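# Okay, predicted coordinates and the sequence, questions at the end:
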Amino acid sequence: MDEKRPELYVLQMEGRTRYDFIDKGEFTTYEKCYDAADKIAASPDYKDEDFIIFEPATGFRQRLSAHLFQQEQCPECNKTVSHHKMCRTYDCHGIPFRFVCHACYEKIMLSKGYDGEYYTEADECIDSDY
């Protein structure tokens, strides 16, 4: 009886040429690949290189741009997180307003404010900006 092997995703970094890749490990989920890329990007010898998630079963490659792993500060709680772990808030017109960490996003956009109404950052809109 054949046992089905779990799908593996290989995290790679671009080498010197476009087709030269350096394997950084095999992972069972995309999320684990992102976490491993986060750790590599946090190391002092990281040089803003793109990452690639390679799926050997299908041959599919997904490029992860280096800017996704830059550390940014959440404007709400001042916690430092990777850009790809931040969520964008929207004002009452659906226009993107700012990036915040996931915990602050839930606090701002998904919960009720002190007055019992949902907060939409509508008061952050300045009509002259539109």
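Looks like it came in fine. Numbers count the residues shown, from 1 in each chain.
# domains for the chain, by residue range?
Following automatic domain parsing, the chain resolves into domains at 9-69, 72-125.
# Could you save those domains as TSV and add columns showing mean neighbour count?
C-betas here are computed from N, CA, C, even on glycine. As requested, those are exported to TSV (neighbours: other C-beta atoms under 10 Å):
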stretch	mean neighbour count
domain 9-69	14
domain 72-125	14
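# can you redo the ones you listed as TSV with mean pLDDT?
Conversion of the domains of the chain to TSV gives the following (pLDDT from 0 to 100):
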stretch	mean pLDDT
domain 9-69	78
domain 72-125	78
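# what's the longest helix in this protein?
What stands out as the longest helix in the chain, according to DSSP state H, is helix 30-42.
# Got the phi and psi for Met86?
Main-chain dihedrals, Met86, degrees, to the nearest 10: phi -100, psi 150.
# Run through the residues that contact it.
Glu72, Cys74, Phe99, Val100, Cys101, His102 (C-beta atoms under 8 Å, 6 or more residues apart in numbering).
# any chance of the residues you listed in JSON lines, with secondary structure and distance to Ile40 too?
Below are those laid out as JSON lines (DSSP: H, G, I helix; E, B strand; the rest coil; distance: C-beta to C-beta, whole Å):
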{"residue": "Glu72", "secondary structure": "strand", "distance to Ile40": "17"}
{"residue": "Cys74", "secondary structure": "coil", "distance to Ile40": "22"}
{"residue": "Phe99", "secondary structure": "strand", "distance to Ile40": "22"}
{"residue": "Val100", "secondary structure": "strand", "distance to Ile40": "25"}
{"residue": "Cys101", "secondary structure": "strand", "distance to Ile40": "21"}
{"residue": "His102", "secondary structure": "helix", "distance to Ile40": "21"}
